[in-house]
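Chemist: Can you look at this prediction? I've put the sequence above it.
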Amino acid sequence: MKKKMLAFMLMGITSAAIGQEFTEQDTLRGSITPEREWWDLNYYHLDVAVDPDKKFISGSNTIRYKVLKKNQVLQVDLQPPLTIEKVTQDGKKLEVVSNGNAHFVQLKKKQKKGDFNQIKIYYSGHPKEAVNAPWDGGFSWRKDNNGKDFIATSNQGLGASVWWPNKDHMYDEVDSMLISVKAPKGLMDVSNGRLRKVDKDTNTYHWFVSNPINNYGVNINIGDYVHFGEKYDGEKGTLDMDYYVLRDNLEKAKEHFKDAPKMMKAFEHWFGPYPFYEDSFKLVEVPYLGMEHQSSVTYGNQYKKGYLGRDLSGTGLGLKFDFIIIHEAGHEWFANNITYKDIADMWIHESFTAYSENLFLDFYLGKEASSDYVVGTRALIKNDKPIIGPYDVNTEGSGDMYYKGANMLHTIRQLIGDDEKWRQILRGLNSEFYHQTVTTKQIEDYVSKKSGIDLSKVFDQYLRTTMIPVFEYKIKGNQLEYRYTNTVDGFHMPLNVLINGKATTLTPTNEWQTQQLKGKLSTLTVDRNYYLNHKEVK
């Protein structure tokens, strides 16, 4: 999910931090309930009509699933004020028992392990209107400068069930999906995947997603769109890159969106092939800032460099690229390809993608510019609560998952000390966990194994505490004493320093260590690329 930088980021809450209490609805939404675990998503057909005059939607979602074990109750999610009109299976109407946002379908047909079955959910209503999309999401009902309707959805965290019925938990992604949207006459809908056909009589657009997709990545975008595109010669062959923008912005977009193929070249270098060649890559203009909807990345950065014209790093480098194009597209690898199972692990999306911003600069402007940028973003870090949130209650951790997380990854790059190995680890993550949902442990274990370094205490330090390590040192003639404070037990991260201008690697622990030098120690400089504080103790 994207940053609201002026107020700075979404504020996830941890129970450990302030003793937050969670409700039954939090658990029903955030956990893998018995009514979810017995069936595996296979296919959705979301078929919805959008009426902007009434701010009303109506339609159905067909859910095909594989039976993993016997059960006769199936949980789907849909948030009020939307209502389920009926649910059917094999043409028979089923009873539904509702508990807030969770709806328990009482199945009549015997559910046999290994079978593929489906239900169809009919629904309608006035969906929640986004107050401040995408952070407070829902439907955005707007008008363009010509008075034509300009409509979009956004719903991470809040949940896709705010506008369509589905299995609203991240652990289970649907294998493929058809999205059919009936748009107002004279307007176009752009959704995920590839456009299969348009029913001209009803102005219904049918988009097909052939790859697994997370629920929050599914989107509707309706407007007076015009299209242009290009063919990109990528690692897996020819990639269609398509752009849908408001009619009045066509010429501006043709120039400004040159950052898109530059992004693709840099990120395929660092992360491996774009994960959704079959579904193409799209940038779609929307009436809010933007978001990482899979193969339908939304854009609302007002055709400015930086973040709405602002450099988040304070170095000037943030104005070298359009933040929304680079950041949101970076999520195609970390969020849409590799997806967290639980939103508590949202850092997997945001830390790697915030880090992708300086990797983009690294590719085009070099390693020093990359370091300048990521170090500059430290001014945005709050250290208010841990980056990882509480599990099973649909709650993320601190907004520091963006730039504290990015600086943690930048620090790990220094610890590995081999940029090609680091690049292969980033590419390897996207290969090993291709189109999968993952846990923090899986990511941690992979990076430690492939780097050959036990990074468990580094991850503990930066992900699970608010403590920033402090490197303390004393200079006594030709003797250097040093240690770490403000760390988890067992933290002994190697650290590069310059002693009298000579590069040296120290391995501080929580205990004072002493190093004899050949001559008098006159200067000690700590490598800025490590995210820590340092001070001389007299």
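Modeler: Okay, I see it.
Chemist: Would you map the helices across the protein?
Modeler: 15-18, 24-30, 34-37, 250-256, 259-271, 323-330, 347-365, 367-376, 403-416, 419-432, 440-451, 456-464 (DSSP state H).
Chemist: neighbours around Q118, how many?
Modeler: Q118 is flanked by 15 other residues according to other Cβ atoms under 10 Å. (Each C-beta comes from the backbone N, C-alpha and C, glycine too.)
Chemist: Leaving out the residues flanking it, which one is nearest to it?
Modeler: Distances taken as Cβ to Cβ, 6 or more residues apart in numbering place R64 nearest to Q118, at 4.1 Å, with adjacent residues excluded.
Chemist: Please look at that neighbour and N117 and confirm they touch.
Modeler: Yes. In this structure R64 lies within contact range of N117 using Cβ atoms under 8 Å: 7.3 Å.
Chemist: Which pLDDT value goes with I13?
Modeler: According to the prediction, I13 has pLDDT 29.
Chemist: Enumerate every residue touching N155.
Modeler: Neighbouring residues of N155 by Cβ atoms under 8 Å, 6 or more residues apart in numbering: 134, 137-138, 162-163, 216.
Chemist: Distance-wise, check it relative to P127.
Modeler: Separation of N155 from P127 (Cβ to Cβ, to the nearest Å) stands at 10 Å.
Chemist: So Y303 sits against K254, correct?
Modeler: No. Using Cβ under 8 Å, Y303 is not in contact with K254, being 10.7 Å away.
Chemist: Looking at the two, which is more packed in?
Modeler: A side-by-side neighbour count of Y303 and K254, using other Cβ under 10 Å, places Y303 first with 16 against 13.
Chemist: in the sheet, who's paired with the closest residue to T88 other than its chain neighbours?
Modeler: Using Cβ to Cβ, 6+ apart and skipping the chain neighbours, the partner closest in space to T88 is K120 (5.1 Å). Here K120 sits in beta bridges with T62, T88, as judged by DSSP bridges.
Chemist: tally of neighbours for K120?
Modeler: K120, neighbours per other Cβ under 10 Å, totals 18.
Chemist: In contact with it, which residues?
Modeler: 60-63, 87-89.
Chemist: Which of the residues you listed ranks first by neighbour count?
Modeler: I63 (26 neighbours).
Chemist: what sits against the residue lying closest to it once chain neighbours are set aside?
Modeler: Leaving aside its chain neighbours, I63 sits nearest to I119 (5.4 Å; criterion: Cβ to Cβ, 6+ apart). Neighbouring residues of I119 by Cβ under 8 Å, 6+ apart: 62-63, 74, 76, 87-89, 94, 105, 107.
Chemist: Output the helices of the chain in a markdown table; the columns should cover distance to N394.
Modeler: Formatted as a markdown table, those follow (distance: least, Cβ to Cβ, whole Å):
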| stretch | distance to N394 |
| --- | --- |
| helix 15-18 | 13 |
| helix 24-30 | 3 |
| helix 34-37 | 13 |
| helix 250-256 | 36 |
| helix 259-271 | 28 |
| helix 323-330 | 22 |
| helix 347-365 | 15 |
| helix 367-376 | 30 |
| helix 403-416 | 20 |
| helix 419-432 | 25 |
| helix 440-451 | 16 |
| helix 456-464 | 19 |
